[in-house]
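Chemist: here you go, sequence then predicted model.
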6 protein chains.
Amino acid sequence: MNAEPQPPTATPDIEAAVRDLAHARKLWREAHHRLQEPGPRELPSRERIAQIVEGLRGALFPMRLGPADLRLENENRYVALTLDTVLSELTVQVGLELAWDARHRGVPPPGAGEAGAVVAAFAASLGEIRRLLDTDVTAAFRADPAARSVDEVLICYPGIQAVINHRIANRLYRLGVPLIARLVAELAHSATGIDIHPGATIGEEFFIDHGTGVVIGATAIIGDRVQLFQAVTLGAKSFPTDQDGRAIKGLPRHPIVEDDVVIYSGATVLGRVTVGRGAILGGSVWVTEDVAPGTLVSQARARSV
Amino acid sequence: MNAEPQPPTATPDIEAAVRDLAHARKLWREAHHRLQEPGPRELPSRERIAQIVEGLRGALFPMRLGPADLRLENENRYVALTLDTVLSELTVQVGLELAWDARHRGVPPPGAGEAGAVVAAFAASLGEIRRLLDTDVTAAFRADPAARSVDEVLICYPGIQAVINHRIANRLYRLGVPLIARLVAELAHSATGIDIHPGATIGEEFFIDHGTGVVIGATAIIGDRVQLFQAVTLGAKSFPTDQDGRAIKGLPRHPIVEDDVVIYSGATVLGRVTVGRGAILGGSVWVTEDVAPGTLVSQARARSV
Amino acid sequence: MNAEPQPPTATPDIEAAVRDLAHARKLWREAHHRLQEPGPRELPSRERIAQIVEGLRGALFPMRLGPADLRLENENRYVALTLDTVLSELTVQVGLELAWDARHRGVPPPGAGEAGAVVAAFAASLGEIRRLLDTDVTAAFRADPAARSVDEVLICYPGIQAVINHRIANRLYRLGVPLIARLVAELAHSATGIDIHPGATIGEEFFIDHGTGVVIGATAIIGDRVQLFQAVTLGAKSFPTDQDGRAIKGLPRHPIVEDDVVIYSGATVLGRVTVGRGAILGGSVWVTEDVAPGTLVSQARARSV
Amino acid sequence: MNAEPQPPTATPDIEAAVRDLAHARKLWREAHHRLQEPGPRELPSRERIAQIVEGLRGALFPMRLGPADLRLENENRYVALTLDTVLSELTVQVGLELAWDARHRGVPPPGAGEAGAVVAAFAASLGEIRRLLDTDVTAAFRADPAARSVDEVLICYPGIQAVINHRIANRLYRLGVPLIARLVAELAHSATGIDIHPGATIGEEFFIDHGTGVVIGATAIIGDRVQLFQAVTLGAKSFPTDQDGRAIKGLPRHPIVEDDVVIYSGATVLGRVTVGRGAILGGSVWVTEDVAPGTLVSQARARSV
Amino acid sequence: MNAEPQPPTATPDIEAAVRDLAHARKLWREAHHRLQEPGPRELPSRERIAQIVEGLRGALFPMRLGPADLRLENENRYVALTLDTVLSELTVQVGLELAWDARHRGVPPPGAGEAGAVVAAFAASLGEIRRLLDTDVTAAFRADPAARSVDEVLICYPGIQAVINHRIANRLYRLGVPLIARLVAELAHSATGIDIHPGATIGEEFFIDHGTGVVIGATAIIGDRVQLFQAVTLGAKSFPTDQDGRAIKGLPRHPIVEDDVVIYSGATVLGRVTVGRGAILGGSVWVTEDVAPGTLVSQARARSV
Amino acid sequence: MNAEPQPPTATPDIEAAVRDLAHARKLWREAHHRLQEPGPRELPSRERIAQIVEGLRGALFPMRLGPADLRLENENRYVALTLDTVLSELTVQVGLELAWDARHRGVPPPGAGEAGAVVAAFAASLGEIRRLLDTDVTAAFRADPAARSVDEVLICYPGIQAVINHRIANRLYRLGVPLIARLVAELAHSATGIDIHPGATIGEEFFIDHGTGVVIGATAIIGDRVQLFQAVTLGAKSFPTDQDGRAIKGLPRHPIVEDDVVIYSGATVLGRVTVGRGAILGGSVWVTEDVAPGTLVSQARARSV
């Protein structure tokens, strides 16, 4: 395991540490055939993506998540100016991912307008994203007895914060920039403890209550009016590996959850199983096979000793 | 589910996106009868609440959570100046919530001094909040074999961070500003993964260890010297809905946990049940009925295959 | 429980609140015999530790976690300058902890060069830390079918973020500054929901997927090529208390997990038990006894009703 | 003159310094009959005025002094949003000055809408301010052989920066908020060394070259197409004092400079004299009497020794 | 002169102000034939230039104007990293000026590598700039009886601050980016009151004492070991205008000051005259003809009345 | 003079620039015998001094230059906390200057408490500094017909800003830290164009109107009730140099200005002459000999041609 620390000396030997770290990087790059790594950092920036998402949240809900002093008659102006800045920066970040991806796969770099086309398609979907989010906000308000207004839901609920990021991330994922999409998802994961892979397909009126510990996998498909509680897992059971022991990627391996399902806290659903329309999964249940529509699944009782 | 993205174009059509989003807002407002929404944003600000809480934490524990260079003889001065700024800003935020709530309920706006009275009552409770928190810090130190001093507990432990926010939030909740109280709670939830509804009633010497995934519901009542571990849920089992399918709000629906109870990680207690004095709930147990005082509840064993 | 709020008055009585808080502090200090608390705050600062960790992350992975415009030929320069600043500040913080600890234990203050010696030993281990982290990154890439490149793993995965902090924290813990180590760990805990005590010993090629809710205790020992999923607990079962009801500190009380073990989401392993080489623990299982090498442990099925 | 410093002691006696300063304030307030000074600071804030001026500069010249990424089609949106924020804050500051002024003069506080009316009148004059500034920019470009374009003039020339602030300050001065106007003027004074009293009346196509050391008094009247160089003074000769030795305020006491006058560097014009149309004042001349139209005034030669 | 303010209304009419300002911009653009103004702002940014200059000052004098904690053995590393960032940003800004200039003159846009070539030449001159500045620092220390060390000169003296900016600006001016050069000069002008046109040619061991109000014109030529005091003008006497009344640009029109000349405060030298080697110009003299080498010029005495 | 720039290349050769600059530094250090320059930067920091002065200004005038929301009853608390922070940082900076000065003069380093003793003496003089400044504010209000209140004078007038810094700087200068004192003075010089050497001795009720271009030398002595206008110089005529051509330092060489003198704009007084009590110096006069008390000195008239 870990090597023993060197005998202490009076002050840190920075030159030695620099040499050690350079040597470690050299070994790594030799192992990964990347000695010719070029120029400046070529990956999208987490900080920039965070700013973009913050702007998009304001553009989607200007009077609730935009600037505190915004007046109703200036909504469109604020939205236009914000999108102008945010989509321009997004085009830069998309360009970085496309170029990095091409380099990574050993194919020619993307054409001049490719990043712009991705962002144009994304911009064209913003109205639909807002419409979907409105159904989510309404669903949250309906479901939570503690909620007093849709405003409260929008500014307080971590489940809403996560689903805003997801609907943005999912669109970007489908438009071919999965790394940026993942960064958008991880920003919500860090803030809320809700981990939704950007590849997951989620219908209307989706609500996650409390949310910490929820995990939804990349190939999960969720219908309309589904409700989840904290610590629910929609995961993969196991995945075949290739001869190098590396997981084979891209196969459907997460659950299908049909319309009107409710899954209580701590429930685990694993593999490409289907939870049928209107089923209810009780807290902490463990499901690895199909559940028929309308079924109620609950777990074995605890016993007192 | 999601509409298909538009065919890609060279650059984002921002005018179209602005129109789409304006249309989506119009539909939403028509559905919620809010076409006449007035003036600037009328809700409390998450950022301001975060600053207020930061100031309160410093005022409660000046030598540990206040400025790094504070000297003991300046404690009172620092506390006075900080409260002066923080409570003044809190009065603004309370005023926003009271006005929004009145508008929301269709009643006359709050009187001139109402926000001040709320904050005055809050200020009068700060000494008691500190006294309660001192019991929490002591309890954490006693319970955790890894803790070396109360200082360490105060600056490191997420459970303490969550309970500081809760004792502030609970007082605000009881004084009639539940939205601000919820924002205070969600700040802790985001930082620690511990989700305590501000309405929950919690006794002295309360300790949550590790904490990620803990959920405590709005009507839960917790006695003195209770200890929780990570991923414990004190939740509602189900709740009656009215004819519109909306949950009926305000009914007692979360557990009562009496004095000296310990609940281990992953345990779930649902509904208005009572966990009797001195009971111990083992990890991952599932409890939906009363537990007699002094009982030890543990779960069925896993089996090897 | 909580005292009732005072009858509302027109404006907050700040003088009274200052007096109340001073009185509460006085009671606390009398109870803890600290009336003579001297000078400015003597504890390490969470904000400074966060800056130090940010710098160390950049020094460990300059082209991925360093500044966005860094070019390959400047890597060593950046690493040297960053370490110079960061290790100098770390020496200050280590000095604060050593002095505080000596005061706390009632022994003479640390010698002049003691903090420098700790940081020198830490600097000497940076190359080894990087080498270990490279094995972790490779393991994550191998294990996750959704990962497309090691770069993506490094900048997106919360499990990697947590293990970077842990390998730093563990080294600091072993060098005698457990409070700083704990702050490093809690920074990762807050950002990722993964709670690894800095005392835990962890081998090569370690991977935590999703991660929210994972808890690894102070005396846990984990072998090589171990993989954990979200909400796994490697905890203590119970611990003997002394006659004051305080937990006795320092005893081995957490699991030993041997090489090549996989533990699925929500599994709980408690006490000084050994999970043998190559064992697989299924999701949500509850383990409090030794598991033989190569065993597959899965939980009782849920039942439909 | 200054008292001798006290004999040095080991550490600063802060308590004594606080007492000394409190005593000095007490003496001052007794001398100025202000023992009952109320509540929080009642004066406009230099920092806020600086932000307001920065916003107004952007609203006046959006593509040159607005945000770097602004596009032409968003000009109006940016102007509207910026004015919305800036004029709202200006209303607050105007309210502070009006209230302070009323208190100071011992008259009733201003009516509710008074600050709004001032700002409304100011907003109505912004188009005219821009039109005047356009004539100034053109004049600068015409006059300076080193200027290559009007853009360069606008972003580089301190004379333009000063005249933008002056045209804003003058309008505010005439609308009854001379203290805010003075702050606007002093911001330009500090940045450029050009000191134009906000009361000064200045015609079209005004140009100050280099500018450091220019002083223009409160009652000066300057015609169209006037050009000044650095260190020109348009000042008062002397002013009658009342029986307390205080200067009698408000009398015309600074020069009238008619159209098409040029005044070279270092020239001094004092008192209510008239410099006639088209006159030229040479560098460093000293003028205290009327100058006939078309006259060229130059100073006595230096002599070699 | 200024139009009268509109009769006051209750609140600012922002829509009207936006219309007024749009109308004013339309008039301006029609007058300047710029209705087709394209895309985002095309000019270099004052803020960016300020950051670049700050970085260059650190790179030129790392131990005095670089970061406070820099150690001697890291000088080269700091210089390399700083230049890397700063010259990269400078290349962007130079590209903006070259493109703007081409558009402005109606010629084809600059070639791909043109900005890089300018910055490469600038980088190649940095050693020479430092060497010249060392002579200036030494000269200041020699000349000022109040100076105690060269360090003090470097961190305190506005004359040094101005000459650092000038030597950078002059090089950029000669390399074909006069707008950026002017911005560099104006930054010093604003901070020190010393206005040196970037086109001015200045020899070694140059010293300006106090400096406020100094003006040095674009075609001035200054020899070695020249010393100026505050408010000295080296200006143009007058300049021929073309038939549109616009100054004809580019002619030599400012003084030549030979080696070892001293010019005391307030002296004015106008036109393409030569102040011969070793001459001394007394305070406030007015010189518009050649001064023979070694001459002492002083002004007529004041008289008492 | 300047070397010609190198022939342009495609990209900046940063390695060469680093070498050039290192070579220039080497030459400089060899010339100044400083090859063994140790550790981190040993000089006081301009930024820190600026923060200290900002804090002192707030402590001297809490309700006018302190935080905007300060209330009267918290004045002393604010003053105490501010002085605590500011004087602690000042002690660090004083320590840096004393150590640097000792190294520079080749004497043993200062004793442990020396910096503390300097700051203690400075703290003991703050009450007297405030008392003097009150006389200055009153004098400004009396003298300027445009001033409407003492508040306006305090927050707007550059002359007051400069004299606040001077009274601080002068005290520090007399306490033996002339470099810090100079930095305090230069901060005011940059913001106001008023250049007062910290060594100058200035009596009560001092007022500088407008101020840009004022220069007051190190050994000047100014009595009570003196008033200066912009661009006044109280300078040295010439100073003897030693055999190396370096000015001999420390001799009295600037004017003595007795009580009740007024000096109008642009006047120059040079050398150790005395301007007698109650004298008036007209604008732009040139004085190098004693002026008898009560004399009016004015300059030769300009003539028309």
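Modeler: That came in fine, so what should we check first?

Chemist: use CA for all of it now, contacts and neighbours both
Modeler: Fine.

Chemist: show me which residues of chain A are close to chain D?
Modeler: Contact residues (Cα under 8 Å from any Cα of the partner chain) of chain A with chain D: A:69, A:74, A:77-78, A:80-81, A:85.

Chemist: which one of the residues you listed is nearest F:Val257?
Modeler: Nearest to F:Val257 among the residues of chain A next to chain D, counting by Cα to Cα, is A:Asp69 at 55.3 Å.

Chemist: quickly note the distance from that closest one to D:Asp84.
Modeler: Look at A:Asp69 and D:Asp84: by Cα to Cα, to the nearest Å, they are 9 Å apart.

Chemist: more neighbours, these two?
Modeler: Counted by other Cα atoms under 10 Å in any protein chain shown, A:Asp69 and D:Asp84 do not tie: D:Asp84 has more neighbours, with 19 against 14.

Chemist: ok, for the more buried one, nearest residue in space, not its chain neighbours?
Modeler: Leaving aside its chain neighbours, D:Asp84 sits nearest to E:Ile14 (7.0 Å; criterion: Cα to Cα, 6 or more residues apart in numbering or on different chains).

Chemist: if I look at that neighbour, how far off is chain A?
Modeler: 11 Å (Cα to the nearest Cα, to the nearest Å).

Chemist: got a list of what the residue lying closest to A:Glu205 once chain neighbours are set aside touches?
Modeler: Closest residue to A:Glu205 apart from its sequence neighbours, by Cα to Cα, 6+ apart: A:Asp136 at 4.2 Å. A:Asp136 is in contact with A:160, A:204-207, counting by Cα atoms under 8 Å, 6 or more residues apart in numbering or on different chains.

Chemist: how about 7 Å then?
Modeler: A:204-207 (Cα atoms under 7 Å, 6 or more residues apart in numbering or on different chains).

Chemist: do the same with A:Ile180
Modeler: With Cα under 7 Å, 6+ apart, A:Ile180 has these contacts: A:Pro44.

Chemist: helix or strand: which one has it?
Modeler: helix A:178-192 (DSSP states H and E).

Chemist: residues contacting the spatially most central residue of chain A?
Modeler: The centroid of chain A falls nearest to A:Ala185 when counting by Cα atoms, centre = their mean (2.3 Å). Taking Cα under 7 Å, 6+ apart as the criterion, A:Ala185 is in contact with A:165-166, A:169, A:196-198.

Chemist: so how far is chain B from it?
Modeler: 15 Å.

Chemist: what do you get for A:Val92?
Modeler: 12 Å.

Chemist: who does the helix or strand in which that residue is found touch, helix- and strand-wise?
Modeler: Using DSSP H and E, A:Val92 maps to helix A:75-105. If you count contacts as 3 or more Cα pairs under 7 Å, 6 or more residues apart in numbering or on different chains; DSSP states H and E, helix A:75-105 packs onto helix A:46-60, helix A:114-124, helix B:14-31.

Chemist: neighbouring strands - and their directions - for whichever helix or strand comes after the helix holding A:Ile180?
Modeler: Later in the chain than helix A:178-192, the nearest helix or strand by DSSP H and E is strand A:195-196. According to DSSP bridges, strand A:195-196 forms sheet pairs with strand A:215-216 (parallel).

Chemist: got a pLDDT number for the closest residue to A:Gly294 other than its chain neighbours?
Modeler: Using Cα to Cα, 6+ apart and skipping the chain neighbours, the partner closest in space to A:Gly294 is A:Ala279 (4.2 Å). If you check A:Ala279, the pLDDT there is 97.

Chemist: for my notes, confirm A:Val297 occurs in a helix.
Modeler: No: the assignment for A:Val297, made by DSSP: H, G, I helix; E, B strand; the rest coil, is strand rather than a helix.

Chemist: what about it, neighbour count?
Modeler: Neighbours of A:Val297 (other Cα under 10 Å): 21.

Chemist: for A:Ala31, same thing?
Modeler: Residues near A:Ala31, counting by other Cα under 10 Å: 10.

Chemist: please determine how far it is located from chain F.
Modeler: On the measure of Cα to the nearest Cα, A:Ala31 and chain F end up 29 Å apart.

Chemist: re the thing from before, same list (the contacts of A:Asp136) but as a markdown table, adding neighbour count and secondary structure.
Modeler: As requested, the contacts of A:Asp136 are arranged in a markdown table below (neighbours: other Cα atoms under 10 Å in any protein chain shown; DSSP: H, G, I helix; E, B strand; the rest coil):
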| residue | neighbour count | secondary structure |
| --- | --- | --- |
| A:Glu204 | 20 | coil |
| A:Glu205 | 20 | coil |
| A:Phe206 | 26 | coil |
| A:Phe207 | 28 | strand |
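
Chemist: pick the one among those residues closest to A:Gln230.
Modeler: A:Phe207 (10.9 Å).

Chemist: low-confidence ranges in chain A?
Modeler: A:1-10, A:33-41, A:239-242, A:244-249, A:299-305 (pLDDT under 70).

Chemist: what about 50?
Modeler: A:1-8, A:35-36, A:38, A:302-305 (pLDDT under 50).

Chemist: okay, domains of it per the record?
Modeler: A:43-193, A:213-242+A:249-305 (automatic domain parsing).

Chemist: for chain B, give me its nearest residue in the stretch 101-250 of chain A.
Modeler: Residue nearest to chain B within the stretch 101-250 of chain A (Cα to the nearest Cα): A:Ala120, separated by 3.6 Å.

Chemist: name the nearest residue to that residue, ignoring sequence neighbours.
Modeler: A:Ala120's closest residue in space is B:Pro12 (Cα to Cα, 6+ apart), at 3.6 Å.

Chemist: next, count neighbours for A:Glu73.
Modeler: Other residues close to A:Glu73 by other Cα under 10 Å number 12.

Chemist: assumed it was part of a strand.
Modeler: No: secondary structure of A:Glu73 (three-state DSSP): helix, not part of a strand.

Chemist: roughly how far apart are the residue of the stretch 101-250 of chain A closest to chain B and B:Glu47?
Modeler: 32 Å.

Chemist: between the two, point out the one with more neighbours.
Modeler: Counted by other Cα under 10 Å, A:Ala120 and B:Glu47 do not tie: A:Ala120 has more neighbours, with 24 against 10.

Chemist: which parts of the stretch 151-300 of chain A sit against chain B?
Modeler: A:152, A:156, A:191-193, A:203-204, A:210, A:212-213 (Cα under 7 Å from any Cα of the partner chain).

Chemist: rerun that using 10 Å as the cut-off
Modeler: Residues of the stretch 151-300 of chain A lying close to chain B (Cα under 10 Å from any Cα of the partner chain) are A:151-153, A:155-158, A:167, A:170-171, A:174-175, A:188-193, A:201-204, A:210-214, A:222-224, A:230-231, A:264-266, A:282-284, A:299-300.

Chemist: mind checking which of those land in helices?
Modeler: A:151-153, A:155-156, A:158, A:167, A:170-171, A:174, A:188-192 (DSSP state H).

Chemist: now A:Gly66: closest residue in space, sequence neighbours ignored.
Modeler: A:Gly58 (4.1 Å).

Chemist: A:Leu187 now?
Modeler: A:Ala50 (7.2 Å).

Chemist: please report how far the one you found lies from chain C.
Modeler: From A:Ala50 over to chain C (counting by Cα to the nearest Cα), the distance is 13 Å.

Chemist: separation between that residue and D:Val177?
Modeler: 42 Å.

Chemist: next one: A:Glu89
Modeler: For A:Glu89, the distance to D:Val177 - Cα to Cα - is 42 Å.

Chemist: for A:Val177, same thing?
Modeler: In terms of Cα to Cα, A:Val177 sits 55 Å off from D:Val177.
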